[in-house]
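Peer 1: what would the 3D arrangement of this be:
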Amino acid sequence: MCALVLVVSAAVGVAAPNIPVAKAAAPGRHAIGDRPGEPRAETGHSARPRLAEVSLEVIRLGEAASQAGRSYEARRRAVQQQRAESDRLRAEADRARRMAEALHRRAGAIADAQYRTGSRVAYTLRTAAFDGRKPLVSVYEEAARRERALVARVGTVQRAGRMLAGGSATATARAAAFAADRDRLREARARADRGLDSARVALRQLASQASRSGNCGTLPSEVTSAVRAVAPLVAPGAPWMRPVEHYVLSAPFGGAGSRWAAGHTGQDFAVPVGTPVRAAGEGRIESVTCGDGLGISMVVRHGEGLYTEYAHLSATLARPGQRVTPGERIALSGDTGNSTGPHLHFEVRRTPYLGSGIDPVPWLRKHGVRV
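Peer 2: Sure thing, here's the model as predicted:
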């Protein structure tokens with residue numbers, strides 16, 4: 001999906017004169033300075049406010065859509081649980097009703113046996129003759145006790161059945177209320193998704209224009225602060241993590257194709273435009289560049305001869321020289337440069353430069369990251 005172009009012609013990007021070049025910038029690429037606060041060297045200044053505005057809108061709508069989706073799923077599960085509970089209670093109430101009816105029939109049979117001849121003595125005589133051991137009075141008392149016990153048990157079972165039926169009705173009512181909430185949340189998620197789709201289209205166009213003009217898409221500090229407020233990061237507590245949360249693995253490391261000069265040098269994660277890109281580990285931003293086949297690209301130095309690169313971005317949320325932590329949002333994914341569709345191109349390297357990459361997937365797995 002990505003193309004790694006080793007030599008880029010001047011027609012790919014329009015370079016501004018006297019551009020300060022970051023340490024990892026390749027020939028033909030635009031770059032911003034590698035120290036915090038150093039003036040940016042992109043052209044296309046008029047597009048920056050709009051790019052920042054749309055980027056922030058994508059983040060806000062993305063968070064809103066995610067929250068609506070989580071709320072919808074929670075309500076959907078609640079509806080299922082309440083309906084299952086209602087069905088369970090109804091089934092138990094039916095069992096209690098059938099048991100009460102059976103007990104009632106047994107108590108009736110005892111009473112019928114006692115009174116059908118019009119003489120309790122006759123019943124006790126027959127019972128005693130059958131029993132052959134118990135006194136007549138004892139047999140009669142036992143039959144009466146059994147009748148009373150059955151009647152009492154019938155009452156208990158009937159009360160339990162009524163309670164179960166009431167619980168089933170309550171669960172059914174809750175399921176109906178939850179279903180109404182679920183439908184409302186589904187509509188809210190659909191609205192957020194529609195707005196997000198429109199914002200992503202705008203971001204994709206603005207980012208492509210910015211990358212071609214030499215604006216490497218670094219957003220102003222007020223936008224990055226707003227991003228942290230809109231989507232605060234929960235520390236993952238792990239030294240390494242995936243660069244995106246939800247994705248589909250697409251073009252693998254080492255793949256051959258006409259779009260790559262010497263094989264695919266990273267792993268592609270298919271994600272929508274504007275997906276937050278996270279630092280895979282602790283480190284420092286080495287460079288932000290644009291204008292070649294990688295589009296807007298960022299390299300992070302992690303120390304001990306290890307670097308990661310994030311390419312085809314729409315915008316960046318961190319500047320060269322800035323320290324980053326694992327999972328910190330450092331960019332938004334995009335479709336800039338030589339790309340066949342929205343995705344993140346991710347590399348693990350031994351140097352800041354192309355050609356020193358290793359397969360990111362087994363490397364991440366070796367460091368405890370499921371991919």
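
Peer 1: where along the chain do the strands fall?
Peer 2: 30-31, 248-249, 267-270, 276-278, 283-290, 296-303, 306-316, 323-324, 329-333, 344-349, 357-358 (DSSP state E).

Peer 1: distance from stretch 282-297 to the middle of the chain?
Peer 2: 27 Å (Cα atoms, centre = their mean, to the nearest Å).

Peer 1: got it, and stretch 339-358?
Peer 2: On Cα atoms, centre = their mean, the centre of stretch 339-358 falls 25 Å from that of its chain.

Peer 1: that stretch: which residues count as buried?
Peer 2: The neighbour-count check on stretch 339-358 (16 or more other Cβ atoms under 10 Å) flags Ser339, Pro342, His343, Leu344, His345, Phe346, Glu347, Val348, Arg349, Pro352, Leu354, Gly357 as buried. The C-beta positions use only the backbone N, C-alpha and C, and glycine is treated the same way.

Peer 1: burial of the closest residue to Arg75 other than its chain neighbours, as a residue count?
Peer 2: In space, and not counting its chain neighbours, Arg75 is closest to Arg182: 4.1 Å by Cβ to Cβ, 6 or more residues apart in numbering. Number of residues near Arg182 (other Cβ atoms under 10 Å) recorded here: 21.

Peer 1: and Arg182, what pLDDT?
Peer 2: On the pLDDT scale, Arg182 is placed at 84.

Peer 1: thought it was touching Arg77?
Peer 2: No. Look at Arg182 against Arg77 with Cβ atoms under 8 Å: they stay out of range, at 9.5 Å.

Peer 1: export the strands of the chain to TSV and tack on mean pLDDT?
Peer 2: What follows is the strands of the chain, written out as TSV (pLDDT from 0 to 100):
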stretch	mean pLDDT
strand 30-31	52
strand 248-249	94
strand 267-270	96
strand 276-278	92
strand 283-290	94
strand 296-303	95
strand 306-316	95
strand 323-324	93
strand 329-333	93
strand 344-349	96
strand 357-358	92
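
Peer 1: Ser208: neighbouring residues, count only.
Peer 2: Per other Cβ under 10 Å, the neighbour tally for Ser208 reads 18.

Peer 1: could you give the number of residues near Leu249?
Peer 2: Count around Leu249 with other Cβ under 10 Å applied: 12.

Peer 1: shouldn't it be in contact with Leu364?
Peer 2: No. Using Cβ under 8 Å, Leu249 is not in contact with Leu364; the gap is 11.3 Å.

Peer 1: quick check: neighbours shared by those two?
Peer 2: The contact sets of Leu249 and Leu364 overlap at Val371 (Cβ atoms under 8 Å, 6 or more residues apart in numbering).

Peer 1: centre-most residue in this structure?
Peer 2: Centroid-nearest residue in the chain: His246, 6.9 Å away (criterion: Cα atoms, centre = their mean).

Peer 1: got phi/psi on it?
Peer 2: phi -120, psi 130 (degrees, to the nearest 10).

Peer 1: chain neighbours aside, what residue packs nearest to it?
Peer 2: Val271 (7.2 Å).

Peer 1: that neighbour and Val288, how far apart?
Peer 2: Separation of Val271 from Val288 (Cβ to Cβ, to the nearest Å) stands at 20 Å.

Peer 1: the more surrounded of these two?
Peer 2: Val288 (30 against 22).

Peer 1: who does the more buried one form a beta bridge with?
Peer 2: Beta-bridge pairing for Val288 (DSSP bridges): Met298.

Peer 1: so how far is Val300 from it?
Peer 2: Per Cβ to Cβ, Val288 is found 10 Å from Val300.

Peer 1: including distance to Ser208, could the strands of the chain go into JSON lines?
Peer 2: Formatted as JSON lines, these follow (distance: least, Cβ to Cβ, whole Å):
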{"stretch": "strand 30-31", "distance to Ser208": "14"}
{"stretch": "strand 248-249", "distance to Ser208": "22"}
{"stretch": "strand 267-270", "distance to Ser208": "18"}
{"stretch": "strand 276-278", "distance to Ser208": "17"}
{"stretch": "strand 283-290", "distance to Ser208": "11"}
{"stretch": "strand 296-303", "distance to Ser208": "9"}
{"stretch": "strand 306-316", "distance to Ser208": "9"}
{"stretch": "strand 323-324", "distance to Ser208": "25"}
{"stretch": "strand 329-333", "distance to Ser208": "13"}
{"stretch": "strand 344-349", "distance to Ser208": "15"}
{"stretch": "strand 357-358", "distance to Ser208": "25"}
